[in-house]
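# Take a look and give me a structure for this.
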Amino acid sequence: MQTNHLLRSIRAKRIVLVLAACASVTSNAAVLEEIVVTAQKREQDLQDVGISISAFSGPQLRELGYIDAAAVTAQTPGVSVFRATSAFTQVNIRGVSQNDFADHLEAPIALYVDEAYVASTVTLNALMYDTERVEVLRGPQGTLFGRNATGGLIHIVSRKPTVKPEGFLQLEYGEHNRTYLEGAAGGPLSDSVLGRFSLAMLRHNPLVHNRIGKDMADMDQWAARAQLLFQPSESTEIHLIAHGGKSDETPRPISHVTVVPNELGLGRPIGPEEVAVWPNIVFGGAITAPCAGCDLNGYREPDADETTVSVDEPGSFEREFYGLTGKVALDLAPLRLVSISNFLTVDKSYLTDPDASPNPFFHYGANMDMTQLSQELRLENEADQLRWVAGLYYLSMDGDYDAFVDFDVTPYLNSGLGLNLPPGSAVGHNGAAWSLEVTSLAAFGQLEYDLGPSWTLTAGLRYTEDEKTQNYLYQDAAGPPVDFSVATYPDLARQRFRNFSAKAAANWRPTADWLVYGSWTRGHKGGNFAAPVFGVPGDPVYRANVFPTVLPHDEEVLTAYELGAKGAVFGGRARLNGAVFYYDYKDYQVFSLQNSAQALFNRDATVSGGEVELTITPTDRLEFRLGVAALWEKTIRDVPIPVGSVDRVMPMAPDLTVSGVGRYEWPALGGRMAVQADFKWTDDFYFYALNEPITREPSYIVTNVRLSYTTADDKWQTALWVRNLGDTDYMSYRVDVGALGFCTCAAGEERWIGATVTYRWE
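Numbering: from 1, shown residues only. Below is the predicted model of the structure:
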């Protein structure tokens, strides 16, 4: 294993050296533009920030075709995104993620929109539009941003109202009647008020034909944002943002894959000629499949075509969200006072057919209604030698959730009692309803001090206190209801978590073009409660995951050690940024589906690795961007599996990822043409912490191409594009439900072909 890591590292270094050599022999090169970020609560050149950060401008996002927050990660080293359906999307940064699909849980990767924290991961794949830039920060956060996070954060910054009137309209059309519309208009409304309105809509026809019912994988969603920017005086700025969106779709179906437990009790796919055998979880003994390659009810897909299925429940997904953000900035020279207030409400309704068969064997549904309110106050000072930020943060979340499983025990009855009942004769209902109230208070601060022209020291501290209260009711046919609430378990159903985040770092500038930094960072994420929705009827072992004593889990603490460098080379024609890190992860919050039962528990883990980003402009017409990320260690210790405890690798954490973009632009037809190609290669990995064979995803590559023409005045642009050029087959999510004979395996997007027309005015 270590030899493989070494070989991969050598290959990655060779790629960087080859590209660098190509750039060094080019004479008519262009100097790279400065990238401005606000990762440290003030505008800075990306190369002056001593943290691991990637940033994308609005034009870059448009050229790459990114229209949601999750998509941005495709060209961000060390960051990966995985989505089962629109209802469930997870981001992994440097091996850190939370892959429980319960809606009430906060992720260790924080999402911010215009400096306001967004707690619900359900909004991760909402439309991203009229965007100024996106910043992705790797590693623990908390001494500067509102909500503490152990893994990193994604910050989406909307384009603000402008002094001059301007706007744009973009129309995209592709296969399956895919229609994407995005537009914005803004400018001055009076001498002291600016405004901007933005809108986006995405629709397409079903992508998957259902032989026995409604076709699936269609899309209909919209989002809108209105902004007002007031400047009543030279020292006061008030920025108000109202936004919302709605989605209504039939989810993409799960792929039909028959799975059996292996000798360790972990799911593996069966062969096409294998007659599967499962344990009878109701009566004991075993169940034998009626035919080779069949599931418990005797069904097998007639072909490998993922665009044609036979599903008895097509399902549905509906999501609505609305929010208000108010930012007030007061210049109290030499200080600056900033207030950020945010309100957000999110509703979701989801229904799917995980067994992906024509039989009513297993249906899953989930609903949520969540409201959050946050308030941040920051006092900032920026002097020549000393810069500091101090703040207070308040967060309140109040959510009602429910989820259910309709589970057909007919095959178990037929096997155990010698019956011959048709599928669907004995459907049982498992369900849980719960509420979660969260109140968080925090104080944070960070300062930077210049020791001289070459050295800068940074220190930061945060104290956070979370109070979380869960009221949870579980019911199934196997036993009495489980009532977990403050009334029944007052010492367990209300939990308080108090902890601190901290940072110490040093920046060194050996030359004007290079920055070298080292940091020690401590991050934490409060504990929470599991909310299991499924315990297999008839066997108390399978209900152990809903015992009140196992529902709470503890907080996690991640201590990060990082060393990095950023530099401009070849006369400013290339940027080379890289970092290596080591994570000591205490009480990592692990999610598993052992024997199909949801569980959350804490285990220690170790993660180490690094990433490199190289951007080169060999000429004023040509630009390359390459990113390489490697994980050398990603171990979770003592993970329980059905036959004991073993060390496992972190979920959704490939050993190696390589991504890149190449763009060539030339004058033509009185304007300019551009051709662009981008790719991401992902090494093999496991989707879940138990490392079940069925959750292993082989390595794959996805490539996109784009050809565009822009008029000389930059007002009109037309583009032709192909996404997933090679029509690569891969799974975007895998869940082992081998104890019941199937995998919740979701196929990734197939090839798309389309065109875009954009008009801009000012």
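# for the most centrally placed residue in the chain, what are its contacts?
Nearest to the mean C-alpha position of the chain, by CA atoms, centre = their mean, lies Val91 at 2.6 Å. By CB atoms under 8 Å, 6 or more residues apart in numbering, Val91 lies in contact with Ala70, Thr73, Val79, Ser80, Val81, Ser97, Ala107, Ile109, Leu124, Ile154. Every residue, glycine included, has its C-beta placed from N, CA and C.
# what do you get if the cut-off is 7 Å, keeping everything else the same?
Ala70, Thr73, Val79, Val81, Ser97, Ala107, Ile109, Leu124, Ile154 (CB atoms under 7 Å, 6 or more residues apart in numbering).
# Could you rank those residues by neighbour count and give me the top one?
Ile109 (28 neighbours; other CB atoms under 10 Å).
# hmm, back to that, what score does the residue nearest to the centre of the chain have for pLDDT?
Looking at Val91, its pLDDT reads 92.
# Considering the contacts of Val91, which is situated nearest to Asp347?
Using CB to CB, Leu124 is the member of the contacts of Val91 that sits closest to Asp347, with 15.8 Å.
# Please report how far that closest one lies from Gly298.
Taking CB to CB, to the nearest Å as the measure, Leu124 falls 38 Å from Gly298.
# again, but for Tyr489
Distance from Tyr489 to Gly298, by CB to CB: 44 Å.
# Which helix or strand contains the closest residue to Trp434 other than its chain neighbours?
Computed as CB to CB, 6 or more residues apart in numbering, the closest residue to Trp434 that is not its neighbour in sequence is Tyr472, at 3.9 Å. Tyr472 belongs to strand 455-476 when assigned by DSSP states H and E.
# Please state the mean pLDDT value computed over that strand.
97.
# That one: what's the following helix or strand?
Immediately after strand 455-476, counting by DSSP H and E, sits strand 479-484.
# Provide the contact partners of that following strand at residue level.
Contacting residues not belonging to strand 479-484 are listed as Gln470, Tyr472, Leu473, Tyr474, Gln475, Ala493, Arg543, Val546, Pro548, Leu551 [CB under 7 Å, 6+ apart].
# ok, now which ones touch Lys468?
Counting by CB under 7 Å, 6+ apart, Lys468 has contacts Leu436, Val438, Gln495, Gly526, Asn528.
# coming back round to it: so the residue nearest to the centre of the chain sits in a strand?
Yes. The assignment for Val91 by DSSP: H, G, I helix; E, B strand; the rest coil puts it in a strand.
# what pairs with it across the strands?
When assigned by DSSP bridges, Val91 has beta-bridge partners Val81.
# ranges for the helices of this structure?
2-24, 58-64, 410-417, 490-493 (DSSP state H).
# Out of the ones you listed, which gets the lowest mean score?
Taking the mean pLDDT of the helices of the chain, helix 2-24 comes last: a mean of 39.
# For Leu194, give its distance to Leu228.
Leu194 is 7 Å from Leu228, by CB to CB.
# neighbour count winner among these two?
For Leu194 and Leu228, the more surrounded residue by other CB under 10 Å is Leu194, and the numbers stand at 21 against 16.
# Chain neighbours aside, what residue packs nearest to the more buried one?
Closest to Leu194 by CB to CB, 6+ apart is Pro161, at 3.5 Å.
# count of neighbours near the one you found?
Other residues near Pro161 number 21, with proximity taken as other CB under 10 Å.
# low-confidence ranges in this protein?
1-31, 535-543, 595 (pLDDT under 70).
# Hmm, Ala574 is touching Ile616, no?
Yes. Using CB atoms under 7 Å, Ala574 is in contact with Ile616, at 4.4 Å.
# residue contacts, the nearest residue to Ile241 once chain neighbours are set aside?
In this structure, Ile241 finds its nearest non-sequential neighbour in Thr325, 4.3 Å apart by CB to CB, 6+ apart. With contact taken as CB under 7 Å, 6+ apart, Thr325 is in contact with Asp114, Ala116, Ile241, Asn342.
# Mind putting those residues into a markdown table with neighbour count and distance to Tyr730?
Output for these, formatted as a markdown table (neighbours: other CB atoms under 10 Å; distance: CB to CB, whole Å):
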| residue | neighbour count | distance to Tyr730 |
| --- | --- | --- |
| Asp114 | 20 | 33 |
| Ala116 | 24 | 34 |
| Ile241 | 21 | 37 |
| Asn342 | 24 | 36 |
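# From these, pick the one nearest Gly187.
So of those, ranked by how close each gets to Gly187 (CB to CB), first place is Ile241, at 16.6 Å.
# wait, that closest one sits on Leu229?
No. Checked against CB under 7 Å, the pair Ile241 and Leu229 is beyond contact range at 9.5 Å.
# In its sheet, which strands sit next to the strand holding Tyr472, and in what direction?
Here, using DSSP bridges, strand 455-476 pairs with strand 427-450 (antiparallel), strand 479-484 (antiparallel), strand 494-511 (antiparallel).
# Adding distance to Asn280 and mean neighbour count, write these out as JSON lines.
Below are the strands paired with strand 455-476 laid out as JSON lines (distance: least, CB to CB, whole Å; neighbours: other CB atoms under 10 Å):
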{"stretch": "strand 427-450", "distance to Asn280": "15", "mean neighbour count": "18"}
{"stretch": "strand 479-484", "distance to Asn280": "19", "mean neighbour count": "16"}
{"stretch": "strand 494-511", "distance to Asn280": "38", "mean neighbour count": "17"}
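# want to try CSV for the ones you listed, with distance to Phe361 as columns?
Formatted as CSV, those follow (distance: least, CB to CB, whole Å):
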stretch, distance to Phe361
strand 427-450, 9
strand 479-484, 22
strand 494-511, 37
